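> Everything below, folded, please.
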Amino acid sequence: MIDIRNLTLSFGEHVIFRGLNLQITNTARIGIVGANGAGKTTLLRTIIGEIDPDGGTIERSRGLTVGYLPQDLAELEPVPLMQYLKDKAGISVIEAKLRAVEEELSRSPENHESLLTEHSRLERRFEDAGGFSFEAMAMKVLHGLGFRKGEEAKNCADFSGGWKMRITMAGLLLSSPDVLLLDEPTNHLDTESMEWLEGWLRTHKGAVVSVSHDTRFLENMADTIADLECGVITIYPCSYDDYIAAKEQSRELLEKAFARQQSEIQRIESFVNRFRYKATKAAQVQSRIKQLEKIERIELSQGSKSVKLTIPEAPPSGREVLRASDLAKYYDGVKVFDGVNFVVERGERVALVGVNGAGKSTLLRLLSLTEAPTSGTVKLGHNVKFSYYSQESAQNINYSNTVWEEARSVSSKLNDVERRNLLGAFLFSGDEIFKPASVLSGGEKARLALYKLMLEETNFLILDEPTNHLDVDTREIVERALLKYQATLLIVSHDRHFLDALSERVLEIRDGKLYDYPGNYSWFLEKREETLTPQAQDTKPSTKPKSTKREDNSRLIRETKREISQTEKDISGHESRIGEIDSLLCQPETLKDSQKVQSLMTERANLDRELSELYSQWEELSLKLDDLKQ
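Numbers count the residues shown, from 1 in each chain. This next block holds a predicted model:
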């Protein structure tokens, strides 16, 4: 349906595409991936004609309809929401023509036959376009995207930015184009809406091409991954998880080929430099210069996966890290939630979930003591040293500093080179690190605040959407660091893979109340699915998440950590008992009882043997955990 051949594009000296090729068939499910700045959004805008390429061709099938969801917010017309959706789907035009013919029929009986024929033709068009069932279908889409009943009559201009993006998405889905081009479609969705969207896209009859940093979305949606790197696209006809494995293998082969080529280039350049001014070698020198010019240089992208981050930990806190008792929050008399009670214990990894507007960020502000509850109490445990990352402000940044000054303002074991390498992973490189923090964009400020948080010594992290504004590589750096973090975590995130990898307990805010699920995010989804009413299931496409290799690995990590924890408890118990026995054997009254001494010595020998086995078991599990985290 769309055939892109030899596409080239440059902005000044910066080359975006260099002979890029891509085919989009009528049933394609393509996920476009690549580092920030690789040109993913530019490619989508070029396909729809917003950007003219320098060279190459983009051929489209005749009559093809293409729908594009931009990443950036576009203002909406000040019309009722349902009217906007009808306009986008083309229903309004047919409706208006039908009304006009009906009015003409009432005024001009002499044209009765021809007007009836036209009315029948328009009615068939209206039916073919789904006009008779459109409002019911529109309500289904709006419900899936999180809108409440009655909001279909609300003016589009009165919605906030994130909800305007959902309105744009609803209009796009209901227009059913042949090709859907989606640029970061999950950015403004909560997890429930993401799951609904995936279900809808699975039933879409046309092609779907999406740029996304949401790896779970890519795994569930795409059967082909288009990797945009160094101006060209490499096609991987597989799922996202299989792409990751194949990409790693390709990278290793490319690095070996690059090393061989560099060695050959150095050998030729050495010959040229050595004999450049010898007349007897002029012909050989010129031959090798031409040989150098003909070499097609292998380029390696500068990935960030080699950067490793270990979050420094403060001394352990007490067993009870946080206790929320009868928490309630009201704004201007409107309830956000009430009667919230829960305890977070040392070492727990808790995910806080709920639909947009449920009160997740509000609850985190109360728990981090940055906002007071309407009623109830928040109590931190003994020796708790926490850090709070808020998505709503850059409160941890001194705007009078440069990025580099902020990077050095946090006490850390990292030296300056390591700090700069890590800044690069957070997308600050070159002269960008000398920019004043005050001129940074919202996303840049958020990344800098997260960077600083990753260096602070804590034993309790409260994180509100920590992966927003991060590319896939940087998200993985943060995820790996948090997996190694042995202290306590409380996380709000729309990144479902991130939640599944890190959480061992899920707290859900729903209808002003808190529900506790003692399991990871996938387990929470299964349990919540069981409680859905038949009516909710009717409006919700199949959302049961399929298991992925990454999620299997995450589950193995959690299981192994639980086994290690149990083994450590057994070791501690054995060591404690051996200490008790040794103490008893030093007491004169015990030594007088030979039978008791023999019994204690036998018990100690058995404990010694079991302790040796437990140490071996602990070592095996620790090695297994290290392998799983690689």
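> all contacts plus neighbour counts: C-alpha atoms, from now on.
OK.
> In contact with Leu142, which residues?
Contacts for Leu142 (Cα atoms under 8 Å, 6 or more residues apart in numbering) come out as 148, 152, 170.
> Could you verify my assumption that Thr46 touches Asp52?
Yes - shown here, Thr46 and Asp52 form a contact pair, counting by Cα atoms under 8 Å, at 6.3 Å.
> So those two - more neighbours on which side?
Thr46 (16 against 12; other Cα atoms under 10 Å).
> The residue nearest to Val344 when sequence neighbours are not counted: how many residues sit nearby?
Excluding the flanking residues, the one nearest Val344 by Cα to Cα, 6 or more residues apart in numbering is Leu322, at 5.2 Å. When neighbours are counted by other Cα under 10 Å, Leu322 registers 21.
> residue ranges with poor pLDDT in this structure?
The chain contains residues with pLDDT under 70 at 73-74, 109-111, 301-308, 392-395, 441-443, 531-555, 629-630.
> For the helix or strand containing Gln262, buried residues please.
Here Gln262 is covered by helix 240-275, with elements defined by DSSP states H and E. By neighbour count with 16 or more other Cα atoms under 10 Å, helix 240-275 contains the buried residues 240-241, 243, 258, 261, 265, 268, 272.
> For the stretch 101-250 of the chain, just list every one of the helices.
Under the criterion DSSP state H, counting those that start in this stretch, the stretch 101-250 of the chain contains helices at 112-128, 134-144, 161-175, 191-203, 215-221, 240-275.
> picking up where we left off before, the helix holding Gln262: how far from the chain's middle?
Centre-to-centre, helix 240-275 and its host chain are 31 Å apart (Cα atoms, centre = their mean, to the nearest Å).
> Likewise for stretch 205-222?
12 Å.
> Straight-line length of that stretch, end to end?
By Cα to Cα, to the nearest Å, the extent of stretch 205-222 from end to end equals 14 Å.
> Can you name the residues in contact with it?
Stretch 205-222 has contacts (Cα under 8 Å, 6+ apart) with 24-33, 40-41, 176-186, 194, 198, 201-202, 239-241, 471-472, 495-497, 545-546, 548.
> who's in contact with Pro70?
182-184.
> can you do 7 Å?
Neighbour list for Pro70: 182-183 [criterion: Cα atoms under 7 Å, 6 or more residues apart in numbering].
> quick one: it and Gly381, what's the gap?
Between Pro70 and Gly381 the computed distance is 46 Å (Cα to Cα).
> Likewise for Glu405?
Per Cα to Cα, Glu405 is found 33 Å from Gly381.
> next one: Glu248
From Glu248 to Gly381 the distance is 44 Å (Cα to Cα).
> go on, Asp52?
60 Å.
> again with Gly63
When Gly63 is compared with Gly381 (using Cα to Cα), they lie 65 Å apart.
> These two - which one has more neighbours?
Ranked by neighbour count (other Cα under 10 Å), Gly63 and Gly381 place Gly381 first, with 17 against 7.
> and the residue lying closest to the more buried one once chain neighbours are set aside, how many neighbours?
Using Cα to Cα, 6+ apart and skipping residues adjacent in sequence, the residue nearest Gly381 is Val321, 4.5 Å away. By the criterion of other Cα under 10 Å, Val321 has 24 neighbours.
> all strands for the stretch 1-150 of the chain, in order.
All strands of the stretch 1-150 of the chain, identified by DSSP state E, counting those that start in this stretch, fall at 2-11, 14-24, 29-33, 55-60, 66-69.
> and Leu201, how far is that from Gly67?
Using Cα to Cα, Leu201 is found at 13 Å from Gly67.
> Checking the residue nearest to Phe271 when sequence neighbours are not counted next. Helix, strand or coil?
Distance criterion Cα to Cα, 6+ apart; nearest residue to Phe271, sequence neighbours excluded, is Val285 at 7.4 Å. With DSSP: H, G, I helix; E, B strand; the rest coil as the basis, Val285 sits in helix.
> Burial check on Val285, number of neighbours?
For Val285, the count of nearby residues is 22 (other Cα under 10 Å).
> Just to check, it is in contact with Arg276?
Yes - in this structure, Val285 is within contact of Arg276 by Cα atoms under 7 Å, at 6.2 Å.
> could you measure Ala246 against Ile30, distance?
Applying Cα to Cα, the value for Ala246 to Ile30 is 16 Å.
> actually Leu499, not the one I wrote
In this view, Leu499 and Ile30 are 24 Å apart by Cα to Cα.
> These two: which is more packed in?
Ile30 (27 against 24).
> What residues are bridge-paired with that one?
Val209, Thr224 (DSSP bridges).
> let's have the chain start at 36 instead
Let's use 36 as the start, then, which means that last one is Ile65.
> Does it touch Thr259 like I think?
Yes - using Cα under 7 Å, Ile65 is in contact with Thr259, at 4.9 Å.
> Now Lys548: phi and psi?
Recorded main-chain torsions at Lys548 are phi -120, psi 160, according to degrees, to the nearest 10.
> What number of residues are in the vicinity of it?
Neighbours around Lys548, by other Cα under 10 Å: 16.
> That one contacts Val375, correct?
Yes - applying Cα under 7 Å, one finds Lys548 in contact with Val375, separated by 6.5 Å.
> In stretch 56-73, which residues are buried?
Across stretch 56-73, burial judged by 16+ other Cα under 10 Å covers 56-57, 59, 61, 63-70, 73.
> make that stretch 471-486, sorry
Buried, per 16+ other Cα under 10 Å, within stretch 471-486: 471-472, 475, 479-486.
> Using PDB, write out every CA atom in that stretch.
Provided in PDB are the C-alpha atoms of stretch 471-486 (Å, rounded to 0.1, in the frame of the first residue of the first chain):
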ATOM      1  CA  PRO A 471      21.600  26.600  32.200                       C
ATOM      2  CA  ALA A 472      19.000  24.400  33.900                       C
ATOM      3  CA  SER A 473      16.500  27.300  33.500                       C
ATOM      4  CA  VAL A 474      16.400  27.000  29.700                       C
ATOM      5  CA  LEU A 475      15.800  23.200  29.700                       C
ATOM      6  CA  SER A 476      12.500  21.900  28.300                       C
ATOM      7  CA  GLY A 477      10.100  20.200  30.600                       C
ATOM      8  CA  GLY A 478      11.300  16.700  29.500                       C
ATOM      9  CA  GLU A 479      15.000  17.700  30.000                       C
ATOM     10  CA  LYS A 480      14.300  19.100  33.500                       C
ATOM     11  CA  ALA A 481      12.500  15.800  34.400                       C
ATOM     12  CA  ARG A 482      15.500  13.700  33.100                       C
ATOM     13  CA  LEU A 483      18.000  15.800  35.000                       C
ATOM     14  CA  ALA A 484      15.900  15.500  38.300                       C
ATOM     15  CA  LEU A 485      15.800  11.700  37.800                       C
ATOM     16  CA  TYR A 486      19.500  11.600  37.100                       C
END
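> what does that stretch rub up against?
By Cα under 7 Å, 6+ apart, stretch 471-486 touches 424, 426, 429, 431-432, 434-438, 461, 501, 504.
> of these, buried ones?
For the contacts of stretch 471-486, buried by 16+ other Cα under 10 Å: 424, 426, 429, 431-432, 434, 436-438, 461, 501, 504.
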